[in-house]
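Student: from the sequence below, what's the structure:
(2 chains)
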Number of protein chains: 2
Amino acid sequence: MCYKLTIAYDGTSYSGWQVQPNGQAIQPLIQRALATVLRSSIDLTGSSRTDAGVHALGQTAHFDVQDRIDPSRLRVSLNALLPPDIRVLQIDLVDSDFHARYNSTSKIYHYHLHLHPVVDPFVRLYRHHVFGICDLILMEKAIPHLIGTRDFLSFANEPGRGSASRSSVRTLLRLDIIEQKGGVRFEFEGDGFLYKMVRNITGVLLDVGAGKLAPDDLPEIFAAKDRRSASAAAPPKGLFLMEVRYTAPS
Amino acid sequence: MCYKLTIAYDGTSYSGWQVQPNGQAIQPLIQRALATVLRSSIDLTGSSRTDAGVHALGQTAHFDVQDRIDPSRLRVSLNALLPPDIRVLQIDLVDSDFHARYNSTSKIYHYHLHLHPVVDPFVRLYRHHVFGICDLILMEKAIPHLIGTRDFLSFANEPGRGSASRSSVRTLLRLDIIEQKGGVRFEFEGDGFLYKMVRNITGVLLDVGAGKLAPDDLPEIFAAKDRRSASAAAPPKGLFLMEVRYTAPS
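Tutor: Okay, here's the model as predicted:
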C-alpha cells in the first residue's frame, strides 16, 4: 500500500527537508515517527527538498507499507510524536505506483516581501523585509522574461543536485505579484524547480525593483548559463511551498 | 511634551507588560531603550498590564519629556534597540495632560480559539486549541448574561490590583463570536478590564461550550462575587490586546 502525506512546517528551526551535515532536518523526524508508530522501517520520499529556513503549507511525501492502515489514526499518532512546528495535515491512500516527486505536475511557491518600515512581530519570521526602493512596476516588466520554458542554469545552485535528469530546462507556468497587508507576495507555479531557483529568481526581481538591474538585462543572464551572472538568492524565511499538484486525483 | 506610543508584541517569550519577579517584562525593555535614545531617565506608563504570554497589536503607553522630539526618528531608533518581537508601530505628540491608562474610553481584546484537530504550525503560538466539544450556540446564549455594567468580582484575580479605584464594576460594551479560518475568535470591548478578566470570561465560555456550565448558570456566578465560583482562566497565548481607544483624537 502507498500513502501520501500532506505536511506543513515552520522551517525557522530546521536545516531543511533533507538530511544535512549540520542541524536537524524535517524528513528524518517524520520518517522516525512513522517507524515508531508502524513498528517497521519506513522510507519517506518528499516531493521537494526545501532548503534550511524555508516553510511549507503543502509539502507532500509518500511511503510504502505492507498492511493497510487507518490514515486519520496515523495522522493523530504522528502529530503526537512530532514537534508542534511540523504538522501532518492529511494522509491519503494512493495508487501503489504513486511517487511524490516524479508524479507531480506542478508546484506552487509563494515568496513574501514586507515593504513597510515597521515589521509586525507576528510576521517577522515569515517575510523578507526590503529596505529602500522596491519598484513593483519594474518587477512586473521582468516577468515576461522569466515565464515559459527556459534553461534556468543561471538560476540554479549546484545544478543537477537531487534531479534525475541533468537538464536545467524548466517551465515557469505562472509568476504573479500580489499585493497583501504590509507588502506583496510573488506566486510561482512551475513544472519543477532547480535547487534554490525560486530564491534566485526572487533575488533578481529584488535587484530589478531596486534599480540595480533592468528588466531587459534578464535575457543576458539566461544566455550566460552561469550562476554568477544572476543576483544573490533572497533569504529563505520569506519562502513557502504552498502546494504540489498531481494530474490524477491521487 | 507628552508622547503616545502604539506598540505590538509577541508575548510568547515575556513575563508580561509590567515588571515581574521572574522573567523579562516588556515595559522595562522599552523604557530602557527610550532612556538610551533620549539620554535621560524616562517613565513609561502603559494602558494595560497584559499578562505573561499575552500578545498585543495595539498596546498604548505615554511618557513625558522636556524637549520636542522627532517621532518617526525616535520610532526607528527604538526599534533598532528593541528585540524583533517588540515593535513600536507609531509615536504621536499628544496633549501634555494625556494619560495612556486614565484617558482610555475603551479597550478591545480578541481571544482566538482553534477548533480543528490539526493546528497549523504558523498559528500554534497564537491560538488556544480546544479539544472536544465546543458548542458555539450555547456560548452565544451566555453573552447576554455577560455584557452590560456589572460587578465582575467573580472574574477578577487579585481584585484591586493595578486599579485606582477598588471597584470591580466594569462595563462590557460588546462581546462577539466571529468565525475565522480554523475556529473562532471572541471580540471583547469594554471600558476597562480587571486583572485576568478577559481570560476568566473566556474560561467560563469554554465551560459553557463544553456543556460543563449552562448559560443560565452565569447570574449565579456573578452573584457569588467570588473568583472560585467561575471557571479557570483560558491560557494566555490566545489573547491579543488589539486597540485602546481615547475620546478625543490624541
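Student: confirm A:Leu5 sits in a helix?
Tutor: No. Under DSSP: H, G, I helix; E, B strand; the rest coil, A:Leu5 falls outside any helix and is assigned strand.
Student: give me the phi and psi for the closest residue to it other than its chain neighbours.
Tutor: Distances taken as CB to CB, 6 or more residues apart in numbering or on different chains put A:Ala61 closest to A:Leu5, at 4.7 Å, once the chain neighbours are dropped. Backbone N, C-alpha and C define where each C-beta goes, glycine included. Dihedral pair for A:Ala61: phi -160, psi 160, per degrees, to the nearest 10.
Student: same thing with A:Arg185?
Tutor: Here is the backbone geometry of A:Arg185 (degrees, to the nearest 10): phi -130, psi 150.
Student: right, and A:Val198 touches A:Leu241 too?
Tutor: No. Using CB atoms under 8 Å, A:Val198 makes no contact with A:Leu241, being 9.0 Å away.
Student: rewinding a little: tell me what the residue nearest to A:Leu5 is bridged to.
Tutor: Following DSSP bridges, A:Ala61 is listed with bridge partners A:Leu5, A:Gly46.
Student: now do it, the pLDDT please.
Tutor: If you check A:Ala61, the pLDDT there is 98.
Student: cool, the one 5 residues further on as well?
Tutor: Per-residue confidence for A:Gln66 comes out at a pLDDT of 91.
Student: rewinding a little: hang on, isn't the residue nearest to A:Leu5 packed against A:Ser47?
Tutor: Yes. Contact criterion CB under 8 Å: A:Ala61 and A:Ser47 qualify, at 6.6 Å.
Student: who touches both of those two?
Tutor: With contacts defined as CB atoms under 8 Å, 6 or more residues apart in numbering or on different chains, the residues shared by A:Ala61 and A:Ser47 are A:Ala100.
Student: which one's more surrounded, these two?
Tutor: Between A:Ala61 and A:Ser47, counting by other CB atoms under 10 Å in any protein chain shown, A:Ser47 is the more crowded of the two (27 against 24).
Student: the more buried one: what's it in contact with?
Tutor: A:Ser47 is in contact with A:59-61, A:100-101, A:104, A:107, A:244, counting by CB under 8 Å, 6+ apart.
Student: could those go into JSON lines alongside secondary structure and distance to A:Gly16?
Tutor: As requested, these are exported to JSON lines (DSSP: H, G, I helix; E, B strand; the rest coil; distance: CB to CB, whole Å):
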{"residue": "A:Gln59", "secondary structure": "strand", "distance to A:Gly16": "11"}
{"residue": "A:Thr60", "secondary structure": "strand", "distance to A:Gly16": "16"}
{"residue": "A:Ala61", "secondary structure": "strand", "distance to A:Gly16": "14"}
{"residue": "A:Ala100", "secondary structure": "coil", "distance to A:Gly16": "16"}
{"residue": "A:Arg101", "secondary structure": "coil", "distance to A:Gly16": "15"}
{"residue": "A:Ser104", "secondary structure": "strand", "distance to A:Gly16": "18"}
{"residue": "A:Lys107", "secondary structure": "strand", "distance to A:Gly16": "16"}
{"residue": "A:Val244", "secondary structure": "strand", "distance to A:Gly16": "16"}
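Student: of those residues, which is the nearest to B:Ser41?
Tutor: Closest approach to B:Ser41 among the contacts of A:Ser47 (CB to CB): A:Gln59, at 51.6 Å.
Student: pull the number of nearby residues for the closest one.
Tutor: Counted with other CB under 10 Å, the neighbours of A:Gln59 add up to 30.
Student: these two touch, right, it and A:Phe240?
Tutor: No. A:Gln59 sits out of contact with A:Phe240 when judged by CB under 8 Å, with a separation of 9.9 Å.
Student: chain A against chain B: which residues are in contact?
Tutor: Contact residues (CB under 8 Å from any CB of the partner chain) of chain A with chain B: A:8-10, A:55, A:57, A:75-76, A:79, A:84-89, A:117-122, A:124, A:126.
Student: could you identify the buried members of the residues you listed?
Tutor: Among the residues of chain A next to chain B, those scoring as buried are A:8-10, A:55, A:57, A:75, A:79, A:85-89, A:118-122, A:124, A:126 (criterion: 16 or more other CB atoms under 10 Å in any protein chain shown).
Student: narrow the residues you listed to those in helices?
Tutor: Among those, the members found in helices (DSSP state H) are A:75, A:79.
Student: now, the buried ones among the residues of chain A next to chain B that are in strands?
Tutor: Using DSSP state E to define strands, the subset of those located there is A:8-9, A:55, A:57, A:86-89.
Student: most distant residue from the middle of chain A?
Tutor: In chain A, the residue that sits farthest from the middle, by CA atoms, centre = their mean, is A:Asp67; the gap is 31.4 Å.
Student: hang on, that one in a helix?
Tutor: No. Counting by three-state DSSP, A:Asp67 falls outside a helix, being coil.
Student: if we can go back for a sec, by neighbours, which of the contacts of A:Ser47 wins?
Tutor: When neighbours are taken as other CB under 10 Å, the top entry among the contacts of A:Ser47 is A:Gln59 (30 neighbours).
Student: gap between the closest residue to that residue other than its chain neighbours and A:Val184?
Tutor: With CB to CB, 6+ apart as the criterion, A:Gln59 has its nearest non-adjacent residue at 4.4 Å, and that residue is A:Ile7. In this structure, A:Ile7 and A:Val184 are 26 Å apart, going by CB to CB, to the nearest Å.
Student: how about the helices in chain A?
Tutor: For chain A, the helices defined by DSSP H cover A:26-38, A:71-81, A:136-142, A:197-209, A:218-224.
Student: winner for burial among those?
Tutor: For the helices of chain A, average neighbour numbers computed from mean count of other CB atoms under 10 Å in any protein chain shown are highest in helix A:197-209, which has a mean of 24.
Student: got the contact list for the residue minimising distance to the centre of chain A?
Tutor: Closest to where the C-alpha atoms of chain A average out (CA atoms, centre = their mean) is A:Leu241, at 3.8 Å. Contacts for A:Leu241 were tallied using CB under 8 Å, 6+ apart; they are A:48, A:50, A:54-59, A:107-109.
Student: next: A:Leu81.
Tutor: Neighbouring residues of A:Leu81 by CB under 8 Å, 6+ apart: A:33, A:36-37.
Student: ok, those residues vs chain B, which is closest?
Tutor: Chain B lies nearest to A:Ala33 out of the contacts of A:Leu81, by CB to the nearest CB, at 14.5 Å.
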